[in-house]
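>>> based on what follows, work out the 3D shape:
(2 chains)
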Amino acid sequence: MRFGLVQNLGTIAALAMVLAAPAPMRAQGPMGTPSASSAFSIPGSQQLQPEELNRLLVTKGANKPLMLQVGSHLLFAEAHIAGSEYVGPGSQPAGLDLLKNRVAQLSHKTFIVLYCGCCPWNRCPNMGPAFKLLHDLGFTNVKALYLANNLGTDWVDKGYPIERGR
Amino acid sequence: MIAALLLGICFLVFDAPSGFAAESLVQKQAPKFVRHDLNGEEIQFGSLRGKVVLLNFWATWCAPCQLEMPRFVQWQRQYGPQGFKVIGISMDDDPALVRRVVRRLKLNYPVAMGDEELGALYGGVLGLPLTFLIDRDGKVRAQFQGETGLKTIEDQLKRLLSEP
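Numbering: from 1, shown residues only, chains lettered A, B, ... in the order given. Below you'll find the model as predicted:
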């Protein structure tokens, strides 16, 4: 433990201020309950752990998913899961349009993995809306990659395959 | 609200997770760079020798980032006369969104747009927020990845300011 609870009263007060901020920033609904825009809204059964995805990627003959990054293009350029595509931030209408266009011609049974990893899962503003969009479009085999902290900690640091560039 | 607050507290009292760039730059000279801030003013990182610098990578979609930034504003005002300088690097794709947040939060320090070159220079910015504390000699003395106690950062920056 790096620091104690008592020492953080100022920070906690600041956190309370953020919780009172507009929903798009904090990805939570009124009274602290998850809103539709929150990654909290994605059921656990629809989440995929990083080690599971890595296993799929390295296993010969495994059913490889279409992997779509729904976060920042700049972070994607720095590093992204090998073989994945950038489609735009799920928290913005333009990003959702890009996602909609990308999947327009696909079968609704296509195995799709969405991921972001911009910030901790409980703070991510992108995953919830992107997941909801695919669900609303009728896609039935969509998983959300659960990156608890960020892409660096939960994917890159584990030595899982990455690529760089846009 | 109470549940969310308790959840937040849980995140604050445990160590922030180490990240992709964790500790790779600590005790090393901070990489120099030149960028223009959102007002077109040049930021010459090398010219900040003699100041204690807080270099903060952030983005408009990053909630923990925006929790920290009002404190950075306060510190810039409070410690600026002692030779403290905050520099923000936005990892957003769209500068228009950044300008809006800069105005809303009334940031009193320069903010420049980041890019993959700058990210790589600082060890890879693959999760936000990411903050470096740099001493008066230009050496990285601390790095904070993810949600970090602001008191921890403030204590360290005060220590650096007290050094000759």
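>>> show me where pLDDT drops low in chain A?
Across chain A, the ranges flagged by pLDDT under 70 are A:1-38.
>>> do you know how far the nearest residue to B:Ser24 once chain neighbours are set aside is from B:Phe132?
The shortest distance from B:Ser24 to any non-neighbouring residue, by CB to CB, 6 or more residues apart in numbering or on different chains, is to B:Gly123 (4.5 Å). In this view, the C-beta of every residue, glycine as well, is placed from N, C-alpha and C. Distance, B:Gly123 to B:Phe132, by CB to CB, to the nearest Å: 10 Å.
>>> so is A:Lys158 in a helix, a strand, or just coil?
Assigned by DSSP: H, G, I helix; E, B strand; the rest coil, the conformation of A:Lys158 is coil.
>>> which residues does it contact?
When contacts are counted by CB atoms under 8 Å, 6 or more residues apart in numbering or on different chains, A:Lys158 touches A:Pro50, A:Glu51, A:Asn54.
>>> neighbour-wise, which of these leads?
Using other CB atoms under 10 Å in any protein chain shown as the neighbour criterion, A:Pro50 leads the contacts of A:Lys158 with 20 neighbours.
>>> tell me the phi and psi of it?
Backbone torsions for A:Pro50, taken as degrees, to the nearest 10, come to phi -50, psi -40.
>>> separation between it and chain B?
13 Å (CB to the nearest CB, to the nearest Å).
>>> equivalent analysis for A:Gly95, please.
Taking CB to the nearest CB, one finds A:Gly95 at 10 Å from chain B.
>>> circling back to that earlier point, for the contacts of A:Lys158, which one is nearest B:Leu25?
A:Pro50 (25.2 Å; CB to CB).
>>> wait, isn't the closest one in contact with A:Tyr146?
Yes - applying CB atoms under 8 Å as the test, A:Pro50 and A:Tyr146 come out as touching, 7.3 Å apart.
>>> can you pull the pLDDT of the residue nearest to B:Ser24?
The model reports B:Gly123 with a pLDDT of 89.
>>> my read: it touches B:Leu25, true?
Yes - contact criterion CB under 8 Å: B:Gly123 and B:Leu25 qualify, at 5.7 Å.
>>> the helix or strand hosting B:Trp75 - contacts with which helices or strands?
Element membership for B:Trp75 (DSSP states H and E) is helix B:63-79. If you count contacts as 3 or more CB pairs under 8 Å, 6 or more residues apart in numbering or on different chains; DSSP states H and E, helix B:63-79 packs onto helix A:9-19, helix A:23-26, strand B:52-58, strand B:84-90, helix B:150-162.
>>> so what's A:Val87 up against?
A:Leu68, A:Gln69, A:Val70, A:Gly95, A:Leu98, A:Leu99, A:Arg102.
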